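Visitor: could you work out the structure for the sequence below:
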Amino acid sequence: MAQAQPLQGVSIPRYETRTSTASSYTVYAVVVQLPVRSWTVYRRYSEFVRLDKNLAASASSSGEPGGAGKPAPRALPPRERAREWKKTFSGFLSFASGDAAEDDEMWLKQRMHDLELYLKSIVMDADASWRESDAFKSFIEWPMNVKMVTSSPSPRKPTPAAANSTSATRTASMPGALAGTRTLGSAAADAPRQAAQETDTTRPLDNTQLFQSQTDAMDQQDEQLLNLAAILRRQRQMGEAINQELGEQTELLGQLDTEVETTQAKLSKADAKMDRFDGGAAKRKAGIGRKF
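Guide: Numbers count the residues shown, from 1 in each chain. Purely as a prediction, here's the structure:
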């Protein structure tokens with residue numbers, strides 16, 4: 001009988017940019033978590049594409065590890081950078097601001113997040129054929145002779161009566177989540193709280209569908225935060241431009257004040273010279289002489 005090991009979670013916490021003699025490229029750190037140990041493998045996006053292709057294959061071909069014979073439960077993020085964000089107002093502001101480096105960093109973080117969801121969908125799916133395939137084990141460097149044990153959600157849906165009584169206590173050991181991760185309905189040991197109640201929207205969902213629903217909600221929140229960050233960045237740039245303009249106006253006013261003072265000093269000198277020349281007759285004639 002093959003040896004078995006529990007897979008507690010898989011995640012991508014970071015990415016790195018590496019440089020070769022020809023060009024630079026990005027690798028993603030895939031962390032495989034077991035109860036007592038973990039390891040990290042670094043994969044390029046092209047290796048994720050090859051994994052996705054191998055998972056859809058039914059048997060090994062051309063030396064590639066065999067897959068499950070069907071596409072993965074979640075699609076990979078696109079290879080090329082999406083340009084639809086330019087069509088939105090916030091995206092236009094981000095593009096107009098010229099912060100290409102920040103945009104590239106946000107795009108890489110979003111791709112890293114989507115790749116992590118892709119791996120977790122394989123680990124968490126009720127169908128074990130993807131995660132038990134040679135292609136997936138080879139990708140995460142899992143020993144081929146070791147069976148991967150996960151607490152996969154059961155595909156059987158509970159009856160309405162059972163759902164009303166137990167739906168608020170979903171399992172806390174969902175595969176793909178790290179140890180100690182709290183899920184819907186779990187009670188905190190350090191702070192007593194009331195168990196979360198199911199809604200009409202979440203009640204008919206099993207664990208996989210519930211996770212997907214939560215993931216979609218978080219993706220929508222992330223997109224809104226990215227749009228808000230772009231707007232705030234543009235407002236900051238506008239504020240800096242206004243501050244620079246005010247500084248220039250203040251400097252011009254200071255120069256004007258200096259020139260006025262210089263002109264007044266010259267007029268005073270000219271007035272004193274005229275007094276010495278005609279003894280103040282010109283001023284008395286114009287009616288602007290001194291009053292005693």
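Visitor: any idea how far Gly66 is from Leu7?
Guide: Applying Cβ to Cβ, to the nearest Å, the value for Gly66 to Leu7 is 19 Å. C-beta: built from backbone N, CA, C; applies to glycine.
Visitor: OK, contacts around the closest residue to Arg74 other than its chain neighbours?
Guide: In this structure, Arg74 finds its nearest non-sequential neighbour in Ser121, 3.7 Å apart by Cβ to Cβ, 6 or more residues apart in numbering. Residues near Ser121 by Cβ atoms under 8 Å, 6 or more residues apart in numbering: 72-74, 176, 212.
Visitor: nearest to Ala29, of these?
Guide: The nearest member of the contacts of Ser121 to Ala29, counting by Cβ to Cβ, is Gly176 at 16.2 Å.
Visitor: re earlier: which of the contacts of Ser121 ranks first by neighbour count?
Guide: Gly176 (23 neighbours; other Cβ atoms under 10 Å).
Visitor: tell me the helices and strands packed up against the longest helix seen in the chain.
Guide: As assigned by DSSP state H, the longest helix anywhere in the chain is helix 207-278. In terms of contacts (3 or more Cβ pairs under 8 Å, 6 or more residues apart in numbering; DSSP states H and E), helix 207-278 is packed against helix 89-97, helix 100-124, helix 281-286.
Visitor: may I have stretch 124-134 exported as PDB, CA atoms only?
Guide: Taking only C-alpha atoms (Å, rounded to 0.1, in the frame of the first residue of the first chain), the coordinates of stretch 124-134 have been written out as PDB:
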ATOM      1  CA  MET A 124     -10.000  21.700  -2.900                       C
ATOM      2  CA  ASP A 125     -12.200  20.100  -5.600                       C
ATOM      3  CA  ALA A 126     -14.200  17.100  -4.600                       C
ATOM      4  CA  ASP A 127     -12.800  15.300  -7.600                       C
ATOM      5  CA  ALA A 128      -9.300  14.000  -6.600                       C
ATOM      6  CA  SER A 129      -8.200  13.200 -10.100                       C
ATOM      7  CA  TRP A 130      -6.400  16.500 -10.700                       C
ATOM      8  CA  ARG A 131      -4.400  16.600  -7.500                       C
ATOM      9  CA  GLU A 132      -3.600  12.900  -7.700                       C
ATOM     10  CA  SER A 133      -2.300  13.100 -11.300                       C
ATOM     11  CA  ASP A 134       1.400  12.800 -12.000                       C
END
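Visitor: does Pro71 really touch Ala57, like I thought?
Guide: No - look at Pro71 against Ala57 with Cβ atoms under 8 Å: they stay out of range, at 10.4 Å.
Visitor: so which of these two has more stuff around it?
Guide: Ala57 (18 against 13).
Visitor: for that one, give its distance to Val41.
Guide: 21 Å.
Visitor: kindly report the same for Pro71.
Guide: Distance from Pro71 to Val41, by Cβ to Cβ: 23 Å.
Visitor: flag every buried residue along stretch 141-149.
Guide: Of all the residues in stretch 141-149, those buried under the rule 16 or more other Cβ atoms under 10 Å are 142, 148.
Visitor: again with stretch 106-114
Guide: 106, 110-114.
Visitor: and those, which is closest to Ala272?
Guide: Met106 (69.3 Å).
Visitor: domains in the protein, by residue range?
Guide: 9-82+100-140, 206-285 (the TED database).
Visitor: using JSON lines, lay out these together with distance to Met148.
Guide: Shown next, in JSON lines, are those (distance: least, Cβ to Cβ, whole Å):
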{"stretch": "domain 9-82+100-140", "distance to Met148": "6"}
{"stretch": "domain 206-285", "distance to Met148": "17"}
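Visitor: farthest pair in the buried residues of stretch 106-114?
Guide: That would be Met106 and Asp114, which, of the buried residues of stretch 106-114, are the farthest apart (Cβ to Cβ) at 12.7 Å.
Visitor: residues touching Glu132, list them.
Guide: 147-148.
Visitor: again, 7 Å this time
Guide: Met148 (Cβ atoms under 7 Å, 6 or more residues apart in numbering).
Visitor: which secondary structure element contains it?
Guide: In the assignment (DSSP states H and E), Glu132 maps to no helix and no strand.
Visitor: next, work out how far apart Leu232 and Ser23 are.
Guide: 34 Å.
Visitor: what of Glu223?
Guide: 30 Å.
Visitor: with Trp130 instead?
Guide: 32 Å.
Visitor: neighbour count winner among the two?
Guide: Comparing Trp130 with Ser23 by other Cβ under 10 Å, the one with more neighbours is Trp130, at 21 against 7.
Visitor: what ranges in the stretch 151-292 of the chain fall below the confidence cut-off?
Guide: For the stretch 151-292 of the chain, the stretches with pLDDT under 70 are 151-198, 206-207, 209-211, 280-292.
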